[in-house]
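Engineer: Build me a structure from this.
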Amino acid sequence: MPTLSCHPAAPHRKLHTPDWFVSSLMMDRALDAILRRVKKLDRSHDIPYLAGYSRDGKTIYIDRHLPKTFRYRGKDIAVDRYLILHEEVEKTLIDQLGLHYLHAHQIATRAEEAAVHADRVAWRAYDRFMQKYVKAIGDERLRKVPADLDLKPYRDYHDYDLLERMEQALAGGPAPRGVAGKVLRQELADYLQAFRDAQRAQRRQAARGGARSARAAG
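Structural biologist: You can find the predicted model right below:
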């Protein structure tokens, strides 16, 4: 009776191709399937950490300052497809499986890394290119924030400073208008207030702990 397996070895032997070729073929198919699901790609806004997604998941945002390609071994490598894969995987894991952002982000990063390797691009070179633009964008003022940007990743990452800068950008610059803009402002305000309340609670707890220690020492 033949042994059933999810990963049969026979097809690989018949193809007589190296493992990286099969991996690249499968990854290309997976990427194509994911890219077909994306309703809209937006490259006209300032997006913290280079990429993000709308609350409804229909729009993938890539920061307007990030070049579409980077030079690797004499070739121009398109980067949007890797970022789209990351954001789609991350959003799906959070919304459909209820994963915490940090867990979903780690899995999405592994998928992104696998796609980069499948295209025979060194992850270190790709990541070095990306980090350069993360730093540059992180140092500038956020001027164009999408009204429907999903803020859950920044909230779950406890990036208080970033949320505060986004709130200031909305207050002092050309902020999104209409109902969507109001929702974004309110969401930012709610997150920031929650952070402030948590920080105050931590300070009070630390103060009580210090007072108990002082009484015990006395």
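Engineer: Quick one, grab the pLDDT at Ala114.
Structural biologist: According to the prediction, Ala114 has pLDDT 90.
Engineer: What of Tyr101?
Structural biologist: 82.
Engineer: got it, and the one 5 residues further on?
Structural biologist: In the prediction, the pLDDT value recorded for Gln106 is 89.
Engineer: ok, now which ones touch it?
Structural biologist: Contacts for Gln106 (C-beta atoms under 8 Å, 6 or more residues apart in numbering) come out as none. Every residue, glycine included, has its C-beta placed from N, CA and C.
Engineer: Compute the distance between it and Val121, please.
Structural biologist: As judged by C-beta to C-beta, to the nearest Å, Gln106 and Val121 stand 21 Å apart.
Engineer: can you check Leu50 too?
Structural biologist: Leu50 is 17 Å from Val121, by C-beta to C-beta.
Engineer: now do Leu41
Structural biologist: Distance of Leu41 to Val121, given as C-beta to C-beta: 21 Å.
Engineer: Run through the helices of the protein in chain order.
Structural biologist: Per DSSP state H, the chain carries helices over the ranges 10-15, 19-37, 80-97, 101-118, 123-138, 152-156, 160-172, 178-217.
Engineer: List the buried residues of the fourth one.
Structural biologist: Applying a neighbour-count criterion of 16 or more other C-beta atoms under 10 Å, one finds 101, 104-105, 107-108, 111-112, 114-118 buried in helix 101-118.
Engineer: Report the residue ranges of every domain in this protein.
Structural biologist: Following automatic domain parsing, one finds the domains of the chain at 15-140, 144-218.
Engineer: Out of those domains, which gets the lowest mean score?
Structural biologist: Taking the mean pLDDT of the domains of the chain, domain 144-218 comes last: a mean of 63.
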